[in-house]
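In: Predicted model, plus sequence, below.
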Amino acid sequence: MINHFESMNDFQNNQSIAKLSQLNKIYIKKSVVEVSGCNKYNIYGIHEFISESEYNTQAIFYIAEYSDFCNRQFCPRDCRYFKLLVSNSQTSEKNQLFEKNTFLEFDRTKKCTFCCFQRPEICINFKTSTSTFYMGKVVVPFNLFNSSYQLDAYDSNNDLKYTMKESCYSCNICCGGCKCKKTCKEQYFRIYDHNTQEFSNVQSISYNFQKSCLKAIYDKIHEFPQNASSQDKILLICTIIMYDMTFFEADCRRR
């Protein structure tokens, strides 16, 4: 077993983390891979910007969903189990090389949320060849009558770090990239610090009615807050992806 200091050194020296630490802004590219028929899974690419509006098509790293068919098809989106593997692999294809180069896991266990007895949460773990280092978690808190779509992000000490939320009545939730040419083609979701002060936002990019609205595919743009550490950035990336997979897996007609 390696100690905490050595784990942090391994984390900071990871080539993808070192690259991410230098970035102030990222583009999160979402793809839905069809295995067969209605059997699909999500892959996210984390890209750097090479200009104000253009991003590098080669991702810094990829995040792939690992879950079984029954969980994806029959479990409610806030209850179902899934694991996201974060890999240094230069391709988004799920294979042995992808798994071998995994350095982070986002692990969400199955929860029975009936009567809000248990709340969905995803744990972030940094993996080395010999050990696993807990980095934090993202939780869906209880909200009366689901009055807001909210996630709370906690650091490795389980202290509240960030909150990402939007009202359930917002156009961002009810709509999504239709042909109506309204501003919902570029949606913004707010991120707050532990003092509930808004300090950042996530821009969600819709494509068109067929691709985004009906198939629930949105890319994200996020500018990291100033002085955000590498751990903070990973926590924010996990929060954004958890938000997408918890609240936006269903198309806008079923939210």
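Out: It's in.
In: Show me the helices in the stretch 101-250 of the chain, by range?
Out: Assigned by DSSP state H, counting those that start in this stretch, the helices in the stretch 101-250 of the chain fall at 171-174, 230-247.
In: and those helices, which is most packed in?
Out: Stretch with highest mean neighbour count among the helices of the stretch 101-250 of the chain: helix 230-247 (a mean of 22; mean count of other Cβ atoms under 10 Å). C-beta here means a position set from N, CA and C on the backbone, and glycine is covered the same way.
In: sorry, back to before: for Asn13, find the nearest of the helices of the stretch 101-250 of the chain.
Out: For the helices of the stretch 101-250 of the chain, the distance to Asn13 is smallest for helix 230-247, at 10.7 Å, taking Cβ to Cβ.
In: average model confidence for that closest one?
Out: Here helix 230-247 scores 91 as its mean pLDDT.
In: nearest to Ser129, of the helices of the stretch 101-250 of the chain?
Out: Using Cβ to Cβ, the helices of the stretch 101-250 of the chain put helix 230-247 closest to Ser129, at 19.3 Å.
In: gap between the closest one and the chain center?
Out: 4 Å (Cα atoms, centre = their mean, to the nearest Å).
In: ranges for the strands of this structure?
Out: Per DSSP state E, the chain carries strands over the ranges 25-36, 39-48, 61-66, 82-87, 102-108, 121-127, 132-139, 148-154, 160-167, 186-193, 198-205, 219-223.
In: Just want the angle from the longest one to strand 219-223.
Out: Taking axes from the mean of the first three to the mean of the last three Cα atoms, to 10 degrees, one finds that strand 25-36 is oriented at 160 degrees with respect to strand 219-223.
In: Against which helices or strands is strand 25-36 packed?
Out: strand 39-48, strand 219-223, helix 230-247 (3 or more Cβ pairs under 8 Å, 6 or more residues apart in numbering; DSSP states H and E).
In: Would you point out the helix or strand in this structure whose mean pLDDT is lowest?
Out: helix 171-174 (a mean of 55; mean pLDDT, DSSP states H and E).
In: Give me the spatial nearest neighbour of the spatially most central residue of the chain, chain neighbours excluded.
Out: Per Cα atoms, centre = their mean, the C-alpha nearest to the average position across the chain is that of Ile241, at 1.3 Å. Once flanking residues are discounted, Ile241 sits nearest to Tyr44: 5.8 Å by Cβ to Cβ, 6 or more residues apart in numbering.
In: Turn the strands of the chain into TSV, including mean neighbour count.
Out: Shown next, in TSV, are the strands of the chain (neighbours: other Cβ atoms under 10 Å):
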stretch	mean neighbour count
strand 25-36	16
strand 39-48	19
strand 61-66	22
strand 82-87	22
strand 102-108	20
strand 121-127	20
strand 132-139	20
strand 148-154	21
strand 160-167	19
strand 186-193	17
strand 198-205	17
strand 219-223	20
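In: how about those, which one is nearest Phe11?
Out: Nearest of the strands of the chain (Cβ to Cβ): strand 121-127, 5.2 Å.
In: gap between that closest one and the chain center?
Out: Strand 121-127 sits 12 Å away from the centroid of its parent chain (Cα atoms, centre = their mean).
In: CA atoms only for it - export them in PDB, please.
Out: The C-alpha atoms that make up strand 121-127 are tabulated as PDB, following Å, rounded to 0.1, in the frame of the first residue of the first chain:
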ATOM      1  CA  GLU A 121     -23.800   9.400  -5.600                       C
ATOM      2  CA  ILE A 122     -20.700   8.800  -7.700                       C
ATOM      3  CA  CYS A 123     -17.200   8.300  -6.100                       C
ATOM      4  CA  ILE A 124     -14.000   9.500  -7.800                       C
ATOM      5  CA  ASN A 125     -11.000   7.200  -7.400                       C
ATOM      6  CA  PHE A 126      -7.500   7.700  -8.700                       C
ATOM      7  CA  LYS A 127      -5.900   4.300  -9.600                       C
END
